[in-house]
Structure formats: C-alpha cells, structure tokens
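**Student:** here is my input; please provide its structure:
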Amino acid sequence: MGSYSYCASGKQLASWYGESTGLRMDADQEPTAADHGDVLYSIGKSDTVGRYMVAKRDIRPGEVVFTDQPAVIGPDNNAVPMCTVCWRKVNGSYVCSGCGWPLCGEKCRNNESHRRECSFFQERGKKVEIVGFGKPNRIYDAILPLRVLLLKLTNKRIYRLVCLLMDHQENETQSQKKRHQTVSDLIRHTWGFNRDFSASEVKHVLGILSVNSFVVHDGEEEGMDLIGLYPWTSLMSHACIPNVKIVTRDDFSYVCEATVPIKAGDEIVTSYHHYYFHLFGTMYRRADIKNTWSFDCICYRCADRTEQGTYVSAVNCDACKYSYLLPVDPLNYNTEWKCLDCNNKETNQVISDRLDKLEVEIDAVEKTNPEKYENLLRRMRYILHENHYLITDVKRRLIDIYGHLPGFELNKLSKETLERKVDFCDHLLSLANRLSPGQSEMKGYLLWERHGCTLRLAQWDWFRMKCTTNQYVNSLRAVCDNLREIIGILGPIRVDSVEGGNGLKAKQELEELDKQLEQLEKQTQYRDTTLTLRQYRADSRFNRRSIAL
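**Tutor:** As a prediction, this is how the structure comes out:
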C-alpha cells in the first residue's frame with residue numbers, strides 16, 4: 001500500500017499478546033487468504049507495496065471477490081461529542097455512571113458493546129470527562145485507536161491481522177507525531193491502560209489508522225463523520241483505475257465486487273479516493289495521495305502522461321495554439337511540461353500557478369450562482385483541453401446544482417438547461433468509461449443525475465405534442481432500463497448514504513413509471529388495433545373496387 005513499510009516484527013507481536021491468535025500463518029509467519037474464508041484472492045508480498053491481493057482465478061465483472069466486517073468503527077478526527085453507540089449528537093444530559101461517556105440514554109448504555117467497553121474503564125477506576133458540547137472535542141480522537149487496542153484483549157486473531165498493516169511512521173510530520181503522543185498519553189495515563197499497551201504499540205495503531213481506515217458514513221453536519229478499519233480490505237493496494245468497487249451495506253460490512261474482468265494472477269486493486277477524484281489529473285491526485293496516505297502512487301495511469309488517452313491534465317499550448325502541454329515525467333512532482341506537437345516547454349511551477357488561479361476562481365463561485373460557473377466553462381475552453389479536470393469539475397458542480405438547489409429544481413429548468421445537464425453527464429460518463437470502468441459508483445451517480453433530465457425532456461415533448469404516444473412510450477422504456485441499471489449499481493449500498501438513498505429513489509421511481517408505462521402500452525395497443533381494423537376495411541374497399549374495375 002505504499003513505497004515503504006513499517007510492520008510489527010514477530011518479537012513485537014509476541015510481546016504484545018503472547019499466546020496463539022488462531023490465524024493460519026504460512027512458513028514465513030504471514031496470514032493467508034484461507035484464514036479469510038472462501039475468497040477469490042491470494043495474498044502476495046513485496047518490498048515495494050507490502051502485502052497485496054492477487055486474483056486466484058479469472059474473475060468476471062459483478063462477482064464478489066470477498067466480504068469484510070469492520071474490526072472497529074468510531075468518529076473521525078475533530079468530532080463533536082456524540083453517542084459512542086448510535087452516533088447521534090449528544091448534549092451531556094445523559095452520562096454513563098460507569099465510564100463517564102455521554103450517551104443518548106439507557107438503551108445505549110445497556111448495549112452489549114458499550115457494557116464491554118465500560119467494564120474496562122471501571123476495572124481501572126477511570127472515567128471520561130467531556131466538557132463542552134456542540135463543537136469539536138479532541139478526546140473523541142482516541143475512541144477508534146482505543147477500540148483497536150482493546151481487540152488485543154477481546155479478539156487476538158483480528159488484532160494480530162491489524163498489527164500487520166502498514167503505519168508509515170517514517171513519513172509522519174512533527175504535528176502528527178505530537179498529536180499521536182497526546183492520544184497515547186490520554187489512553188495510557190489518563191484512562192489507565194499503560195499496563196495493557198506500550199507507547200510504541202499505541203503509536204503503531206495510530207499510524208495504521210492514519211493509512212488504512214475508511215470513511216463509512218458522512219455525517220449530516222461537520223464533525224459527525226464515522227470511519228472504520230477493515231483488516232482484509234486494507235490488504236488491497238491503491239490504483240487510480242481500480243478493477244473492483246467496495247459496497248458498504250447497512251450493517252457497515254463491505255462487499256468487494258469486480259467491475260471489470262480480472263485475469264488469474266492479476267493484482268486486485270481499489271481506489272482510496274472518493275469517485276469524484278477519478279476524473280482529476282495525475283499531479284493533483286498524486287499530491288493528495290502523498291498528503292493523505294503517505295505514499296507515492298506509481299500505477300499505470302499515473303505513469304501515462306495522456307492518462308489512457310483522456311488528456312484530463314492537458315493545457316493548451318500558447319506557442320502553436322492548437323496542441324497541448326503534458327507532463328514529460330508525470331511521476332516526478334517537478335517535471336517539465338512539453339507540447340505534443342511543437343517544441344514549447346514550460347516549468348511545472350508555471351503550469352501549477354496557472355491552474356491554481358483557476359482553482360481559486362472556481363472555489364470562489366457561490367453555489368447559488370451557476371451562471372458564473374457557465375461563464376468559467378466558456379473561458380476555460382480557450383485555456384485547457386475539453387477533458388481537463390478543472391472543466392469536468394465545474395460541470396460536476398453544475399450537475400449538483402441543476403435539479404437540486406432551491407430555485408433550480410427540475411420543474412423550474414428550461415429545456416436548454418435540461419439538455420445541457422444531459423450533455424454534462426454524457427461527457428463525464430465517456431471519461432468514466434475509461435477512468436472508472438464498469439458498474440462503478442461514478443457511473444451510478446452520473447446515470448442517476450442524467451435520469452431526471454431525460455425523463456423531464458421526454459415529458460416536455462409529449463405534453464406539448466412534439467412526439468407521438470408511441471415515441472413517448474419508447475422513451476419511457478429507455479428511462480426504465482436506465483433506472484434498472486442505476487438500481488443495480490446504487491441499490492445494494494447502505495440506504496442512509498447519499499448513493500444508497502438515490503438507489504432507493506430509483507426503485508420507487510421505477511415502480512411508478514412501470515405502472516404508467518403499462519397503462520400507456522394498453523392504450524397504444526388499443527389504438528393500434530383500431531387503426532389496423534380501419535386500414536383493413538380501407539384495403540378491402542380498394543380491393544373490391546379493383547376487382548370490379
């Protein structure tokens with residue numbers, strides 16, 4: 001999962017929990033896929049990326065590669081005080097008498113997982129003290145690492161697997177080291193777990209969480225996000241064009257599903273980024289990966305200056321006026337940029353400054369003012385390739401405005417705006433076919449956004465008698481087929497996520513449209529029967545007359 005690794009040694013592991021953990025280790029004391037169960041991968045290891053997954057056999061798109069349960073779930077950093085059981089925001093009106101954590105009430109206090117955690121505090125004679133509600137509280141930064149550490153006492157098998165993950169301590173900044181020391185002191189000294197966990201052990205776990213945790217829930221407001229640690233999923237390496245997708249189910253379990261054909265022996269890779277990032281350029285993505293996960297991505301997309309022929313990083317050449325500048329060596333953060341056709345060259349700093357200015361302009365636009373985004377699009381086409389990620393990002397922002405924000409609901413949009421949104425979606429879908437292939441979340445998102453406009457446009461034509469009923473019926477059939485594809489992609493995702501919620505809406509819309517379609521098809525069939533009878537009579541009269549003549 002990175003260029004360098006720090007994994008716990010056998011001696012460290014033995015000193016941390018001593019007895020056998022129940023993992024089926026191979027001759028080199030490595031976990032095996034057999035320990036995970038009936039899965040479609042095997043585990044490899046290299047000095048470059050650490051442990052990784054390899055396809056055990058040919059895998060078809062849609063096949064489940066494996067499922068995974070979270071070892072732990074907890075609040076993200078800088079969380080506001082929330083119930084540690086149901087994750088609702090709390091105000092301190094109810095506090096557990098045993099451990100001091102603010103909770104929702106008796107129901108959460110009597111939850112089995114809370115009673116188990118509470119007992120650890122009671123055994124050590126310690127209580128949590130939360131002061132100040134409704135604003136970020138750094139004490140909540142310690143919940144997730146503590147839960148990982150408690151696996152040492154409650155589930156040694158999973159703890160052993162977690163401790164084998166990378167922590168990238170060698171890449172930590174001074175501020176990260178200071179924060180980790182603060183959390184370590186809180187867990188070991190303030191909460192009394194110093195005899196259970198060493199300082200190095202706590203910091204190793206904190207490093208693992210920094211590199212390997214996943215966001216499992218986007219909170220309704222800032223400071224309410226949840227993250228989880230999935231020990232088997234974390235074995236997968238990152239690639240900027242993944243061949244699998246991770247579906248989060250309602251119980252927070254993961255399903256890893258192939259999105260494209262994977263040959264036996266090929267590496268199974270996921271994208272650590274949100275799918276919005278799949279359309280961003282290499283320099284942008286690699287810098288974010290380096291900053292967030294502390295490694296340099298060297299996947300085949302990052303190494304390809306054209307990014308699979310999409311040119312999402314291409315900048316117009318000022319010298320020849322018709323070609324584009326691309327990075328000479330995209331794996332070098334300070335690479336020179338060179339025109340594809342002429343000898344014009346620019347430094348990376350010049351290109352970065354040019355793009356930074358545009359980014360500032362884009363971020364300064366108010367969401368309630370899409371016309372400014374439209375103006376930016378018109379300007380940027382003279383500066384950037386039509387597929388450049390800044391252009392597609394502005395289109396994505398417009399997609400999220402049209403049909404959603406007050407004043408821009410679908411029934412208030414002009415036909416021209418509806419058609420523009422469809423064009424935006426089609427453009428991004430064409431790029432997603434290469435950069436986020438298969439039945440990806442990116443595709444599901446774009447199909448859903450396009451759906452509302454295509455339905456509205458079909459209705460617009462029919463209501464104004466711009467098309468026949470037969471044509472309208474055919475349009476509705478296409479819309480229903482589109483909804484079925486959306487449901488197949490977004491339907492299995494956790495319902496209280498944005499994507500899962502859209503999948504549920506798609507199911508409800510399909511039910512309604514199927515009813516309308518059934519009624520219209522009956523009417524159309526009746527009309528077709530009537531027309532056929534009339535035509536038969538006309539033909540008969542003609543034939544009789546012909547015979548008489």
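
**Student:** got a list of what the closest residue to P370 other than its chain neighbours touches?
**Tutor:** Leaving aside its sequence neighbours, P370 sits nearest to I401 (CB to CB, 6 or more residues apart in numbering; 4.9 Å). The way it works is simple: take the backbone N, C-alpha and C, and place the C-beta from them, glycine included. Listed by CB atoms under 8 Å, 6 or more residues apart in numbering, the contact set of I401 reads K367, P370, Y373, F408.

**Student:** narrow these to those that are buried.
**Tutor:** P370, Y373, F408 (16 or more other CB atoms under 10 Å).

**Student:** the residues you listed in strands, which ones?
**Tutor:** Among the buried ones among the contacts of I401, DSSP state E puts none in strands.

**Student:** let me know the closest of those to D296.
**Tutor:** The nearest member of those to D296, counting by CB to CB, is Y373 at 32.9 Å.

**Student:** wait, the closest one sits on D393?
**Tutor:** No - counting by CB atoms under 8 Å, Y373 sits too far from D393 to count as a contact (9.9 Å).

**Student:** give me the common contacts of these two.
**Tutor:** Common neighbours of Y373 and D393, counting by CB under 8 Å, 6+ apart, are I362.

**Student:** ok, and what's touching stretch 342-350?
**Tutor:** 283, 317-320, 323, 325, 327, 333-339.

**Student:** nearest to T469, of those residues?
**Tutor:** Out of those, the member with the shortest distance to T469 (by CB to CB) is S323, at 50.2 Å.

**Student:** any idea how far that closest one lies from V350?
**Tutor:** For S323, the distance to V350 equals 17 Å [CB to CB, to the nearest Å].

**Student:** what does S237 give?
**Tutor:** Counting by CB to CB, the gap from S237 to V350 is 33 Å.

**Student:** equivalent analysis for A142, please.
**Tutor:** Distance from A142 to V350, counting by CB to CB: 45 Å.

**Student:** those two: who's more crowded?
**Tutor:** Per other CB atoms under 10 Å, whichever of A142 and V350 has more neighbours is A142, with 23 against 14.

**Student:** so that one: helix, strand or coil?
**Tutor:** Here A142 is recorded as helix under DSSP: H, G, I helix; E, B strand; the rest coil.

**Student:** can you read off the pLDDT for it?
**Tutor:** A142 is assigned 96 on the pLDDT scale.

**Student:** tell me the contacts of it?
**Tutor:** With contact taken as CB under 8 Å, 6+ apart, A142 is in contact with V183, L186, I187, W191.

**Student:** may I see the buried residues of the host helix or strand of R396?
**Tutor:** Assigned by DSSP states H and E, R396 belongs to helix 389-401. By 16+ other CB under 10 Å, the buried positions in helix 389-401 come out as Y389, L390, I391, T392, D393, V394, K395, R396, R397, L398, I399, I401.

**Student:** next one: D363 from R179, what distance?
**Tutor:** 27 Å.

**Student:** for R188, same thing?
**Tutor:** To R179, R188 is 15 Å away according to CB to CB.

**Student:** can you give me the offset of stretch 83-93 from its chain's centre?
**Tutor:** 26 Å (CA atoms, centre = their mean, to the nearest Å).

**Student:** check the separation of the first and last residues in it.
**Tutor:** Across stretch 83-93, the terminal residues are separated by 11 Å (CA to CA, to the nearest Å).

**Student:** who's in contact with it?
**Tutor:** Identification of contacts with stretch 83-93 by CB under 8 Å, 6+ apart yields 74-75, 80-82, 101-104, 108, 111, 113-114, 117, 130, 133-134, 143, 217, 221, 224, 226.

**Student:** out of those residues, which end up buried?
**Tutor:** Buried subset of the contacts of stretch 83-93 (neighbour count, 16+ other CB under 10 Å): 74-75, 80-82, 101-104, 108, 111, 114, 117, 143, 217, 224, 226.

**Student:** of the contacts of stretch 342-350, which pair is most distant in space?
**Tutor:** With CB to CB as the measure, no two of the contacts of stretch 342-350 lie farther apart than C320 and Y333, at 26.3 Å.

**Student:** residue ranges of the helices in the stretch 301-450 of the chain, please?
**Tutor:** Along the stretch 301-450 of the chain, the segments classed as helices by DSSP state H, counting those that start in this stretch run 348-364, 370-380, 389-401, 415-435, 441-463.

**Student:** show me what contacts the residue minimising distance to the centre of the chain?
**Tutor:** Nearest to the geometric centre of the chain sits H274, at 3.6 Å (CA atoms, centre = their mean). Not one residue lies near H274 by CB under 8 Å, 6+ apart.

**Student:** which pLDDT value belongs to it?
**Tutor:** You'll see H274 listed with a pLDDT of 93.

**Student:** distance of it relative to R249?
**Tutor:** Note on H274: its distance to R249, by CB to CB, is 19 Å.

**Student:** before we move on, what about L476?
**Tutor:** According to CB to CB, L476 stands 31 Å off from R249.

**Student:** cool, L165 as well?
**Tutor:** For L165, the distance to R249 equals 23 Å [CB to CB].

**Student:** quick one: which of the two has more around it?
**Tutor:** Ranked by neighbour count (other CB under 10 Å), L165 and R249 place L165 first, with 24 against 14.

**Student:** surely that one touches L209?
**Tutor:** No - using CB under 8 Å, L165 makes no contact with L209, being 9.3 Å away.

**Student:** stretch 479-495: which residues count as buried?
**Tutor:** So for stretch 479-495, counting by 16+ other CB under 10 Å, buried means 479-480, 482-483, 485-487, 489-494.

**Student:** using TSV, lay out those residues together with distance to S294.
**Tutor:** Below are the buried residues of stretch 479-495 laid out as TSV (distance: CB to CB, whole Å):
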residue	distance to S294
V479	45
C480	46
N482	41
L483	41
E485	37
I486	36
I487	38
I489	31
L490	32
G491	35
P492	32
I493	28
R494	28
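
**Student:** can I get these in CSV with distance to R60, secondary structure and pLDDT?
**Tutor:** Formatted as CSV, these follow (distance: CB to CB, whole Å; DSSP: H, G, I helix; E, B strand; the rest coil; pLDDT from 0 to 100):
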residue, distance to R60, secondary structure, pLDDT
V479, 28, helix, 96
C480, 26, helix, 96
N482, 23, helix, 97
L483, 24, helix, 98
E485, 17, helix, 98
I486, 21, helix, 98
I487, 20, helix, 98
I489, 16, helix, 97
L490, 21, helix, 97
G491, 20, coil, 96
P492, 17, coil, 96
I493, 21, coil, 95
R494, 25, coil, 92
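
**Student:** which of those residues sit farthest apart?
**Tutor:** Spanning the widest gap among the buried residues of stretch 479-495 are V479 and R494, at 25.7 Å by CB to CB.

**Student:** tell me the one among the contacts of A142 nearest to L358.
**Tutor:** V183 (38.6 Å).

**Student:** with adjacent residues omitted, what lies nearest to the closest one?
**Tutor:** Distances taken as CB to CB, 6+ apart place A142 nearest to V183, at 5.0 Å, with adjacent residues excluded.

**Student:** perfect, that will be all.
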